[in-house]
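Undergrad: I'd like to go over a predicted model; first the sequence, then the structure.
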Amino acid sequence: MNRRQTLAALAATTGGAVMSPSTLLAHSAPEVVKDPPPFTFALNMSTIRGQNLGFVKELEVASKAGFRSVEIWMNSFQEYLKTHTVADVRKLLGDLGIKVENAIGFAQWIVDDETTRAKGVEQLKQEMELLAQIGCKRTAAPPMGATQQPGLDLRKAAERYRTILELGDKTGVVPQLELWGGSKNLNKLSEVMFIAVESGHPSARVLLDIYHLYKGGSSPASLPLVGKPGIEVFHLNDYPANPPRETIVDADRVYPGDGIGPVRDTLKQLKTPGKTIVLSLELFNKTYYAQDALLVAKTGLEKMKKVAEGI
């Protein structure tokens, strides 16, 4: 046999054991793409705000407790910037391994009075510009200043929400329309959803809360109607049987799982395949404020994980 015949015979007897890279690729197992986790856990600094730790120690407590994400309060952040720079904040966050998911501010962007509203919009713009510099992509937009008198024109509110969403287009920080159950306006899911949809802006998002849904009388069963992109951050807490809904206040909130709220059912409604939602522990409990802040943060994270386990 000549050389060519010998090679042909070898190929036939081995069944083509030596395959080209393209053939190997075609026969390899398909790559398994895993869904991201349904939830990640954050600490809203309201939970340890009563200990009066200051901006740096609040972040340090969150990090030591095991949180990798936080919601900061704008006034605490801005107080720190009186003696430090934004670069200092970025370094601090990097050293602690903390990401700022959202910020809590109280600009009066929604009110009817034009002068007050203009000041509120400018305040929010300045806050957004600061947040963008530390990598925070969201800020809360509650109905501050429109909480006492009912009857806010929701169509006008939608126009005003669009105005601050357009600020978000420029700054890269999206205002999250927040439901406040104890307010005379924007206290129901139907109201915040109307404003978000009526704004006609693709970045519209809503910021909801176990306690505020209960206080305002909205059913968690309606949450799937919000739609996949509508919720990015959700405030997690619980509420006791007493005081009743009519008189319960922010300070009555308790750790998730320690009250009577439908926490697990709500999380099941929130779960969205292919998406991770930030669950942020938001409490104002004076009993917790009297305790060590690190203990409160650790306890909160443990209870958050427990109620979300297996969902």
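TA: Yep, that arrived. A quick note: this is a predicted structure, and the numbers were derived from the prediction, not measured. Numbers count the residues shown, from 1 in each chain.
Undergrad: For residue 108, what is the enclosing helix or strand?
TA: According to DSSP states H and E, residue 108 maps onto no helix or strand at all.
Undergrad: Could you do the one 10 residues further on as well?
TA: For residue 118, the element it lies in under DSSP H and E is helix 114-133.
Undergrad: Pull out the buried residues from that helix.
TA: For helix 114-133, a neighbour-count test (16 or more other CB atoms under 10 Å) marks 117, 120-121, 123-125, 127-128, 130-132 as buried. In short, each C-beta sits where N, CA and C put it, glycine included.
Undergrad: mean confidence score for that helix?
TA: Averaged over helix 114-133, pLDDT sits at 98.
Undergrad: how near is the spatially most central residue of the chain to residue 124?
TA: Central residue of the chain (CA atoms, centre = their mean): residue 233, 2.1 Å from the mean position. Residue 233 sits 17 Å away from residue 124, going by CB to CB, to the nearest Å.
Undergrad: With residue 87 instead?
TA: To residue 124, residue 87 is 23 Å away according to CB to CB.
Undergrad: quick revisit: ok, the residue nearest to the centre of the chain touching residue 281?
TA: No: between residue 233 and residue 281 there is no contact under CB atoms under 8 Å: 11.6 Å.
Undergrad: hey, what's in contact with both of these two?
TA: With contacts taken as CB atoms under 8 Å, 6 or more residues apart in numbering, residue 233 and residue 281 have residue 42 as neighbours in common.
Undergrad: so what's the closest residue to residue 300 other than its chain neighbours bridging to?
TA: Leaving aside its chain neighbours, residue 300 sits nearest to residue 281 (4.6 Å; criterion: CB to CB, 6 or more residues apart in numbering). Here residue 281 sits in beta bridges with residue 43, residue 236, going by DSSP bridges.
Undergrad: burial of residue 281, as a residue count?
TA: When neighbours are counted by other CB atoms under 10 Å, residue 281 registers 29.
Undergrad: residues contacting it?
TA: Neighbour list for residue 281: 41-44, 47, 235-237, 256, 300-301, 304 [criterion: CB under 8 Å, 6+ apart].
Undergrad: of all the residues you listed, which comes closest to residue 76?
TA: Checking the contacts of residue 281 against residue 76 by CB to CB gives residue 44 as the nearest, at 11.8 Å.
Undergrad: in which helix or strand would I find residue 274?
TA: Secondary structure from DSSP H and E places residue 274 outside every helix and strand.
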